[in-house]
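Colleague: With the input below, show me the fold.
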Amino acid sequence: MPTPEAGAHIDPGATIEPGAVVHEGAHVGAGAWVGSYAVIHGGARVGDGARIGSHAVIHGGARVGDGARIGSHAVLHADTDLGPDCLVEDAAVLGKRPRLRAGSSAAGDPPGALVIGRGATICCGAVLYAGAQVGAGAIIGDQSQVRERATIGERTVLGRGSAVEYGAQVGARVSIQTNVYVTALSIVEDDVFLGPGVVMTNDDTMGRHDRGEPLRGPVLRRACRIGGGAVLVPGVEVGEEAFVAAGAVVTADVAARTVVMGVPARVVRDVPERDLIERWR
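Modeller: Modelled structure (predicted):
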């Protein structure tokens, strides 16, 4: 039988399936559905019409927006703020706290809440850390990772198995394909394209720098395109509407609206007017 504890707030029309547990101090909204053996901890809030899959766990302090859907075995840790109409698929983990080695460059103030905007989709097995922000309508692909203090803009797509490291800033409508690595402290502006297997780096010394020396992620300006398997070294800037060919190694800044290719990447021509993003919206 379902077991809402005394002191749990269950609004009219909510359904608690057999084996589910709703702890004292939890709130389940009107018309919500909580699947078998799901656990809603005290202090968690599930919005009106939300659906919580079987064996999912919603920890105290997590907030599930109206109409959101949570898959089986998903976990929402404390201070996760999931917006209305979001979809969280099976076995995703939201609000994970970072575990850092002593002296890690990722250390800093404790991360705040994980905030996910309206209508975002978090696919199977994805892991989103506390302190990250995901914009409305974004899609975070299967088995991908978004670290603490990273931001993902509205309607951006993060492909399967890709990683956005701590403090990286990814803009709106960015297309990040499969197995891309966006290193810590990178800046990726709106409408950028990153092909499969792109690698971005932020440390010329590979860990042998003085403590406190800042890392420098690449900067990718609006609507630039990076081909599959390209490598970007620390601190390089790729200009607006520039094109980096597949497999290139970018060791120097790339000017706006230029095409580069090769190892190291060299300018071969300009980007033609017909290829500018305004013609392809």
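Colleague: all contacts plus neighbour counts: C-alpha atoms, from now on.
Modeller: Will do.
Colleague: now the end-to-end length of stretch 233-250.
Modeller: Between the start and the finish of stretch 233-250 there is a gap of 6 Å, counting by C-alpha to C-alpha, to the nearest Å.
Colleague: Report the distance from it to the chain centre.
Modeller: Counting by C-alpha atoms, centre = their mean, to the nearest Å, stretch 233-250 is centred 22 Å from the centre of its parent chain.
Colleague: Quick check: mean pLDDT of it?
Modeller: Stretch 233-250 shows a mean pLDDT of 98.
Colleague: what's the answer for stretch 213-221, then?
Modeller: Averaged across stretch 213-221, the pLDDT comes to 93.
Colleague: Check stretch 160-171 too.
Modeller: On average, stretch 160-171 scores 98.
Colleague: what's in contact with that stretch?
Modeller: For stretch 160-171, contacts defined as C-alpha atoms under 8 Å, 6 or more residues apart in numbering pick out 106, 140-154, 156, 176-191.
Colleague: give the contact list for the residue nearest in space to the middle of the chain.
Modeller: Among the residues of the chain, the one closest to the centroid is residue 146, at 4.0 Å (C-alpha atoms, centre = their mean). Listed by C-alpha under 8 Å, 6+ apart, the contact set of residue 146 reads 127, 128, 129, 132, 163, 164, 165, 166.
Colleague: any idea how far it lies from residue 92?
Modeller: Distance from residue 146 to residue 92, counting by C-alpha to C-alpha: 12 Å.
Colleague: Give the residues shared as contacts by those two.
Modeller: residue 127.
Colleague: what about the closest residue in space to residue 260 that isn't next to it in sequence, distance to residue 226?
Modeller: Distances taken as C-alpha to C-alpha, 6 or more residues apart in numbering place residue 267 nearest to residue 260, at 4.3 Å, with adjacent residues excluded. From residue 267 across to residue 226, the span is 14 Å (C-alpha to C-alpha).
Colleague: ditto for residue 193
Modeller: Distance, residue 193 to residue 226, using C-alpha to C-alpha: 6 Å.
Colleague: And residue 65, by the same measure?
Modeller: To residue 226, residue 65 is 36 Å away according to C-alpha to C-alpha.
Colleague: and what of residue 63?
Modeller: Using C-alpha to C-alpha, we find residue 63 at a distance of 37 Å from residue 226.
Colleague: do residue 144 as well
Modeller: Where residue 226 is concerned, residue 144 sits at a distance of 19 Å (C-alpha to C-alpha).
Colleague: And stretch 110-129, what's buried?
Modeller: For stretch 110-129, a neighbour-count test (16 or more other C-alpha atoms under 10 Å) marks 111-129 as buried.
Colleague: List the ones among those that fall in strands.
Modeller: Here DSSP state E is the test, and these give 114, 115, 116, 121, 122, 127, 128, 129 as lying in strands.
Colleague: Show me which pair in these is furthest apart.
Modeller: Farthest pair in these (C-alpha to C-alpha) is 121 and 129. Separation: 15.3 Å.
Colleague: Before we go further, residue 215 is sitting in a helix, right?
Modeller: No. Looking at residue 215 with DSSP: H, G, I helix; E, B strand; the rest coil, it is coil, so not inside a helix.
Colleague: Let me see the contact set for it.
Modeller: Taking C-alpha under 8 Å, 6+ apart as the contact definition, residue 215 lies against 185, 202, 203, 234.
Colleague: so which of those residues is the most crowded?
Modeller: Within the contacts of residue 215, residue 185 tops the neighbour count with 24 neighbours, counted by other C-alpha atoms under 10 Å.
Colleague: what sits against it?
Modeller: Contacts of residue 185 by C-alpha under 8 Å, 6+ apart are 165, 166, 167, 168, 169, 202, 215, 216, 217.
Colleague: Could you identify the buried members of the residues you listed?
Modeller: Buried members of the contacts of residue 185, counted by 16+ other C-alpha under 10 Å: 165, 166, 167, 168, 169, 202, 215, 216, 217.
Colleague: Could you list everything the fifth one pairs with in the sheet?
Modeller: In this structure, residue 169 has beta-bridge partners residue 151, residue 187, where bridges are defined by DSSP bridges.
Colleague: Tell me the spacing between it and residue 184.
Modeller: Distance of residue 169 to residue 184, computed by C-alpha to C-alpha: 9 Å.
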